[in-house]
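Q: Below are the sequence and a predicted model for it; my questions follow.
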Amino acid sequence: MATIRCLLAVVAGNQWSLFQLDINNAFLHGSLDEEEGDDICIAVVYVDDIILTGSNQDILIDLKSHLHDTFSITDLGELSYFLGIEVSRLSTGIILSQRKFTRELLEICEMDVSRSTKTSLPISVKLSATEGDLYQDPEHYRSLVGKLNFLSHTRPDISFAVQTLSQFMQCPRLAHVKALQHLLRYVAGTIGQGLFLQAAKQVTLQAYSNSDWGACIDSRRSITGYLMMLGNSLISWKSKKQSIVSKSSTEAEYRAIAAAASEIVWLVRLFIDLGVTNLTPVNLNCDYQSAIHLAKNPVMHERTKHIEIDCHFTRDKVLEGLIELSYVPSDG
């Protein structure tokens with residue numbers, strides 16, 4: 001019999017309570033190839049105008065009893081550890097970290113990480129897929145990069161480095177392994193880092209996007225980067241190579257804006273489903289004024305007609321009032 005690990009969020013007024021449940025008779029009428037416990041679901045239950053205190057915990061007891069009668073559940077209590085992610089509670093919010101996973105990773109990495117580094121990759125490093133001698137243990141490289149990719153769930157500061165190293169999984173070279181060791185040294189010196197989700201009665205959603213034009217020395221493709229802030233809490237981020245070559249830095253920034261706009265649309269719809277409906281217009285910040293003018297300008301001209309139509313949907317979202325574009329100068 002398969003089980004589903006379920007996160008139960010009970011919302012009462014402005015208070016959220018998080019619990020872990022195992023649904024024991026999941027997929028009773030079907031079969032799965034996955035191992036037990038591999039599937040995840042999230043349930044959100046709203047309790048109107050009630051503050052959950054010690055005097056009315058019977059609301060939770062009744063709710064869990066109903067779920068057990070319907071699905072046969074195992075109550076694992078308040079959320080504290082979920083798929084390698086540790087959950088700590090403060091009066092001001094929740095901290096998500098992966099300290100245990102990080103220590104285990106460093107123990108098996110078979111590399112010297114005693115000398116810490118201040119950056120996730122060496123400054124101005126440019127890695128090529130074809131330069132340098134091949135690494136003799138590619139499986140070890142793939143394993144470590146895969147684990148670092150999982151660690152980036154609570155460590156957005158390593159996302160760029162991980163996506164860079166992930167490009168060389170097929171045939172890693174010694175230069176890539178040296179960069180990997182640099183990243184592991186950085187991780188070793190920042191084990192306590194994680195995400196802080198700050199509690200707030202009223203929140204706003206804002207976004208930041210950027211690009212690194214022609215960053216890949218093999219393909220000359222640019223890198224898209226964005227992050228989403230819900231109040232003071234970082235909730236979504238991405239660092240990814242763009243799918244085609246951008247012919248200018250403006251185009252690269254424009255593509256990054258389009259990727260961020262897509263994420264904004266998805267997040268706004270998700271929060272509407274969760275009962276949060278006052279997040280628009282979302283402020284999308286960019287450090288490239290030409291890309292902002294291009295996104296606001298409805299006229300297609302010679303210099304942009306080569307850009308795919310799907311990138312121009314940002315304009316529609318600006319006109320709809322879903323997104324507001326703002327210029328934020330970058331340092332350096």
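A: Cool, got the structure.

Q: So for stretch 269-280, could I get the coordinates as PDB, restricted to C-alpha?
A: Backbone C-alpha positions of stretch 269-280 (Å, rounded to 0.1, in the frame of the first residue of the first chain) are rendered in PDB as follows:
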ATOM      1  CA  ARG A 269      -2.800  32.600  -9.700                       C
ATOM      2  CA  LEU A 270      -1.500  30.300  -6.900                       C
ATOM      3  CA  PHE A 271      -2.000  33.000  -4.200                       C
ATOM      4  CA  ILE A 272      -5.500  33.600  -5.500                       C
ATOM      5  CA  ASP A 273      -6.300  29.900  -5.000                       C
ATOM      6  CA  LEU A 274      -4.900  30.400  -1.400                       C
ATOM      7  CA  GLY A 275      -7.200  33.300  -0.800                       C
ATOM      8  CA  VAL A 276      -4.700  36.100  -1.300                       C
ATOM      9  CA  THR A 277      -6.100  38.500  -3.900                       C
ATOM     10  CA  ASN A 278      -4.400  41.900  -3.300                       C
ATOM     11  CA  LEU A 279      -0.900  41.400  -4.700                       C
ATOM     12  CA  THR A 280      -1.300  43.200  -8.100                       C
END
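
Q: So, low pLDDT: which residues of the protein?
A: For the chain, the stretches flagged by pLDDT under 70 are 1-3, 11-16, 25-38, 40-57, 59, 297-311, 331-332.

Q: now the strands for it?
A: Applying DSSP state E to the chain gives strands spanning 2-12, 15-26, 39-47, 73-78, 81-82, 85-90, 93-97, 194-198, 205-212, 223-230, 233-241, 282-286, 323-327.

Q: Not counting residues beside it along the chain, what's closest to I292?
A: Once flanking residues are discounted, I292 sits nearest to L325: 4.8 Å by CB to CB, 6 or more residues apart in numbering. For every residue, glycine as well, the C-beta is placed using N, CA and C.

Q: Contacts only, for that neighbour.
A: Contact analysis of L325 by CB atoms under 8 Å, 6 or more residues apart in numbering lists 257, 284-286, 292, 295-296, 318.

Q: cutoff 10 Å now
A: Contact analysis of L325 by CB atoms under 10 Å, 6 or more residues apart in numbering lists 207, 209, 257, 261, 281, 283-286, 289, 291-293, 295-296, 314-315, 317-318.
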